[in-house]
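Asker: following is a predicted model, sequence given first.
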Amino acid sequence: MGMQGALQILYPPQCISCAAPVQSDFGLCTDCWRETPFVSGLVCDKCGVPLPGQDSAERAFCDDCMMIARPWDRGRAALMYHENGRRLVLALKHGDRMDLARPASTWMLKAAKPILQPGMLAVPVPLHWTRLFRRRFNQAALLSRAIAKSAGIDHCPDALRRNRSTGSQDNKTRDARFANLVGAFVVPKPREKRVEGRDILLVDDVMTSGATFAAGTEALLAAGARSVSVLCLARVAKDG
């Protein structure tokens, strides 16, 4: 028996969500898979939210993305932020479940296939240094690194810097979220050459209003990026 087989006997694979037995590592059991709201079918080409109708080659947009200026080109999401999707995001973000970055990045890469371009540069949304110090890791950077490795594209974890602490966006109105993030990001001088002329894949864990992605995109475009597309693990859908 090989070492891998011995390890599986001693430590059999468990569901990443509920710890029930599963067939392979980093998988979900049948019940948790059913409760995980994966995004599929027709989606908004800007933010990745599911739309009614049949998937087609034509680009479709949700009401929000038709009314709100989105500085990025295209966007996708792997999950919706409710039920087990929300639980998995919170476990990664606040529960020190860094192991979840591996399966999450696989789901994200599958969702991103329509928007990936050869020669893209993957860039994570950064945390302010004070929050990074408290949390010890940036979940967006874990995701973007794994996505870049699997997709065979370049990765630059420090292409963006958060200039100031913007605090929590929870309980803020949409307009307040956007106002809070104006000028919050910048491309550091030493990284401008990495960004200039590149198609960027900007990665974060959750998209709510799109304010964070908008601010990050504007900073990247100001530094000379050719285009920016966005990718998140989970998309928060508006009520109703």
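Answerer: Nice, I can see it.
Asker: now the closest residue to Gly48 other than its chain neighbours: phi and psi?
Answerer: Closest residue to Gly48 in three dimensions, ignoring its sequence neighbours and counting by Cβ to Cβ, 6 or more residues apart in numbering: Ala77, at 3.5 Å. (Each C-beta comes from the backbone N, C-alpha and C, glycine too.) Torsion angles at Ala77 (phi, psi; degrees, to the nearest 10) stand at phi -140, psi 150.
Asker: show me where the chain has its strands.
Answerer: 75-80, 121-124, 154-155, 161-162, 185-186, 199-207, 227-235 (DSSP state E).
Asker: save those strands as TSV, and put in mean neighbour count too.
Answerer: Putting these into TSV (neighbours: other Cβ atoms under 10 Å) gives the following:
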stretch	mean neighbour count
strand 75-80	26
strand 121-124	26
strand 154-155	18
strand 161-162	18
strand 185-186	20
strand 199-207	25
strand 227-235	26
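Asker: tabulate the ones you listed in CSV, adding columns for distance to Arg174 and mean pLDDT.
Answerer: Below are these laid out as CSV (distance: least, Cβ to Cβ, whole Å; pLDDT from 0 to 100):
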stretch, distance to Arg174, mean pLDDT
strand 75-80, 17, 98
strand 121-124, 23, 98
strand 154-155, 31, 98
strand 161-162, 20, 94
strand 185-186, 19, 96
strand 199-207, 12, 97
strand 227-235, 15, 98
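Asker: out of those strands, the one nearest Leu142 is which?
Answerer: Closest approach to Leu142 among those is made by strand 121-124 (8.2 Å; Cβ to Cβ).
Asker: from the contact counts, what lies against the closest one?
Answerer: Strand 121-124 sits against helix 139-151, strand 154-155, helix 192-195, strand 199-207, with contacts defined as 3 or more Cβ pairs under 8 Å, 6 or more residues apart in numbering; DSSP states H and E.
Asker: partner strands of that strand, with direction?
Answerer: Each strand paired with strand 121-124, and its direction, by DSSP bridges: strand 154-155 (parallel), strand 199-207 (parallel).
Asker: rewinding a little: nearest to Val230, out of the helices and strands packed on strand 121-124?
Answerer: Proximity of the helices and strands packed on strand 121-124 to Val230 was assessed by Cβ to Cβ; the nearest stretch is strand 199-207, lying at 4.8 Å.
Asker: before we move on, the earlier item: mind putting the helices and strands packed on strand 121-124 in JSON lines, distance to Leu92 included?
Answerer: Below are the helices and strands packed on strand 121-124 laid out as JSON lines (distance: least, Cβ to Cβ, whole Å):
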{"stretch": "helix 139-151", "distance to Leu92": "5"}
{"stretch": "strand 154-155", "distance to Leu92": "18"}
{"stretch": "helix 192-195", "distance to Leu92": "26"}
{"stretch": "strand 199-207", "distance to Leu92": "7"}
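Asker: which stretch among those comes nearest Pro71?
Answerer: Counting by Cβ to Cβ, Pro71 lies closest to strand 199-207 out of the helices and strands packed on strand 121-124; the figure is 10.5 Å.
Asker: give me the angle between the closest one and helix 139-151.
Answerer: 130 degrees (axes from the mean of the first three to the mean of the last three Cα atoms, to 10 degrees).
Asker: about what we covered before: so which of the helices and strands packed on strand 121-124 gets nearest Ala60?
Answerer: Proximity to Ala60, assessed across these by Cβ to Cβ, is greatest for strand 199-207 (17.2 Å).
Asker: show me how far that closest one is from its chain's centre.
Answerer: 5 Å (Cα atoms, centre = their mean, to the nearest Å).
Asker: what's the angle from it to strand 227-235?
Answerer: Using the same axes, to 10 degrees: strand 199-207 against strand 227-235 is 20 degrees.
Asker: reformat the strands of the chain as CSV; add distance to Gly95.
Answerer: Written out in CSV, the entries for these read as follows (distance: least, Cβ to Cβ, whole Å):
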stretch, distance to Gly95
strand 75-80, 16
strand 121-124, 19
strand 154-155, 24
strand 161-162, 23
strand 185-186, 26
strand 199-207, 13
strand 227-235, 14
